[in-house]
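Asks: the sequence and its predicted three-dimensional model are supplied below.
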Amino acid sequence: MGRLQDKVAIVTGAALGIGRASARLMAREGAKVVVADLKLDAAESVAAAIRAEGGRASAVHLDAMDRASIEAMIEHTRSTWGALHVLHNNVGGTDVARDTTLTGMDWSCWDGAINLNLTSTVYACRCAIPLMLASGGGAIVNTTSMVALSGDVRPTAYAAAKGGVISFTRFVATQYGRQGIRCNAIAPGLILTERATPRPQAVLDIFERQTLAKRHGEPEDIAYAALFLASDESLFINGQIIEVDGGVHVHNPTTADLVEWAGRASKGGAT
Ligand SMILES: NC(=O)c1ccc[n+]([C@@H]2O[C@H](COP(=O)([O-])OP(=O)(O)OC[C@H]3O[C@@H](n4cnc5c(N)ncnc54)[C@H](O)[C@@H]3O)[C@@H](O)[C@H]2O)c1
């Protein structure tokens, strides 16, 4: 008996990265998974791999920036699987080269970041909740980010959008909790996913110094958190933001430098 046995789950942005890991894991735990992505061919491949493992999955084209496409994803779920119990709103991102400081960013980033990260999440919840209620309730797992939890020099538009996801998550929990819908969010730290623009080694090294786990995050780290929040194991958890970042954000920003300084001082090499 899987942890999501016979539940119907949508994972958005599920052709690659965190979404793909979440779709596979939920299917292994017995869910019927809708693999939704802009890249339909890649989504079909993920669904086919799930079926090849003995799981159940369908693929659907989703442009999360387009309301009609979100509505079509929910209709696909209803007509294919007849119910909806889990919505993992995973899709998101920004162009970090252009989404910089408030005055420095390319202004076209603003609408794109808000639409892809916040509006798509809001609209997917709005469309999914009636089907979830008709299915007896369910669990929504939204995606925010570590960058929404403190100030930084970039990416301003993305962080504002992900901050909106935090507030919105609590509103959904409050408005629908008594009707059997839970809504939580995951705030990932740096997770190594295949991206068009790989992160420079210097940036990876900085994160390595600041991560208590002493390794970088993997898509499965987020997928396991999403599985828990989607499953009945978390039935008493609602409206929460779960940081899954290897401990980057939990400690003072001076910690790594102070530990190094103390090490040098103990050898008489620092003042
Ligand atoms: N990877 C990280 O370090 C990290 C850190 C914090 C938060 N996050 C968040 O986690 C989520 C997943 O991140 P990831 O790194 O796996 O992303 P990714 O870029 O690796 O994958 C995103 C997926 O979304 C799809 N997609 C892109 N635009 C779409 C659209 N308009 N409609 C439908 N699908 C679309 C892509 O085709 C791809 O399959 C995002 O919300 C991201 O903001 C990631």
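Replies: Sure, I can see it. Residues are numbered from 1 along each chain as shown.
Asks: contact partners of stretch 113-131?
Replies: Residues lying outside stretch 113-131 but in contact with it, judged by Cβ atoms under 8 Å, 6 or more residues apart in numbering, are 10, 12, 64-65, 67, 70-71, 73-74, 77-78, 83-84, 87, 89, 91-94, 99, 138, 140, 142-143, 155, 157-158, 160-162, 164-165, 168, 172, 176, 181, 183. In short, each C-beta sits where N, CA and C put it, glycine included.
Asks: do that again at 7 Å, thanks
Replies: 12, 64-65, 67, 70-71, 74, 77-78, 84, 87, 89, 91-94, 99, 140, 142, 157-158, 161-162, 164-165, 168, 172, 176, 181 (Cβ atoms under 7 Å, 6 or more residues apart in numbering).
Asks: quick one, which of those residues are buried?
Replies: 12, 64-65, 70, 74, 77-78, 84, 87, 89, 91-94, 99, 140, 142, 157-158, 161-162, 164-165, 168, 172, 176, 181 (16 or more other Cβ atoms under 10 Å).
Asks: now do the strands in this protein.
Replies: 8-12, 32-37, 56-61, 86-88, 138-143, 181-188, 241-244 (DSSP state E).
Asks: would you list the ones you listed in a markdown table and tack on distance to residue 120 and mean pLDDT?
Replies: A markdown table is the format used below for these (distance: least, Cβ to Cβ, whole Å; pLDDT from 0 to 100):
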| stretch | distance to residue 120 | mean pLDDT |
| --- | --- | --- |
| strand 8-12 | 8 | 99 |
| strand 32-37 | 11 | 99 |
| strand 56-61 | 14 | 99 |
| strand 86-88 | 12 | 99 |
| strand 138-143 | 10 | 99 |
| strand 181-188 | 14 | 99 |
| strand 241-244 | 18 | 98 |
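Asks: dump the ones you listed to TSV, plus distance to the ligand.
Replies: Below are the strands of the chain laid out as TSV (distance: least, Cβ to the nearest ligand atom, whole Å):
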stretch	distance to the ligand
strand 8-12	6
strand 32-37	5
strand 56-61	8
strand 86-88	10
strand 138-143	4
strand 181-188	4
strand 241-244	9
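Asks: will you turn those into a markdown table that also has distance to residue 151?
Replies: Converted to a markdown table, the strands of the chain look like this (distance: least, Cβ to Cβ, whole Å):
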| stretch | distance to residue 151 |
| --- | --- |
| strand 8-12 | 28 |
| strand 32-37 | 32 |
| strand 56-61 | 37 |
| strand 86-88 | 28 |
| strand 138-143 | 20 |
| strand 181-188 | 15 |
| strand 241-244 | 16 |
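Asks: any idea of the pLDDT on the residue in the stretch 51-200 of the chain positioned nearest to the ligand?
Replies: Residue nearest to the ligand within the stretch 51-200 of the chain: residue 92 (2.3 Å; Cβ to the nearest ligand atom). Note for residue 92: predicted pLDDT of 98.
Asks: quick check: phi and psi on it?
Replies: When read as degrees, to the nearest 10, the backbone of residue 92 gives phi 170, psi 180.
Asks: disregarding flanking residues, what is the spatial nearest neighbour of it?
Replies: residue 117 (4.4 Å; Cβ to Cβ, 6 or more residues apart in numbering).
Asks: mind checking how far the one you found is from residue 82?
Replies: Computed as Cβ to Cβ, to the nearest Å, the residue 117 to residue 82 distance reads 30 Å.
Asks: same check, this time on residue 74
Replies: 12 Å.
Asks: equivalent analysis for residue 63, please.
Replies: From residue 63 across to residue 82, the span is 24 Å (Cβ to Cβ).
Asks: next one: residue 264
Replies: Residue 264 sits 64 Å away from residue 82, going by Cβ to Cβ.
Asks: so between residue 117 and residue 82, which is more surrounded?
Replies: When residue 117 and residue 82 are compared for neighbours, residue 117 comes out ahead with 29 against 12, by other Cβ atoms under 10 Å.
Asks: okay, the more buried one: pLDDT?
Replies: Listed pLDDT for residue 117 reads 98.
Asks: over to residue 253?
Replies: Confidence score, pLDDT, at residue 253: 89.
Asks: okay, now it: neighbour count?
Replies: Going by other Cβ under 10 Å, the residues that sit close to residue 253 add up to 10.
Asks: excluding sequence neighbours, find me the nearest residue to it.
Replies: According to Cβ to Cβ, 6+ apart, the nearest residue to residue 253 is residue 210 (8.0 Å).
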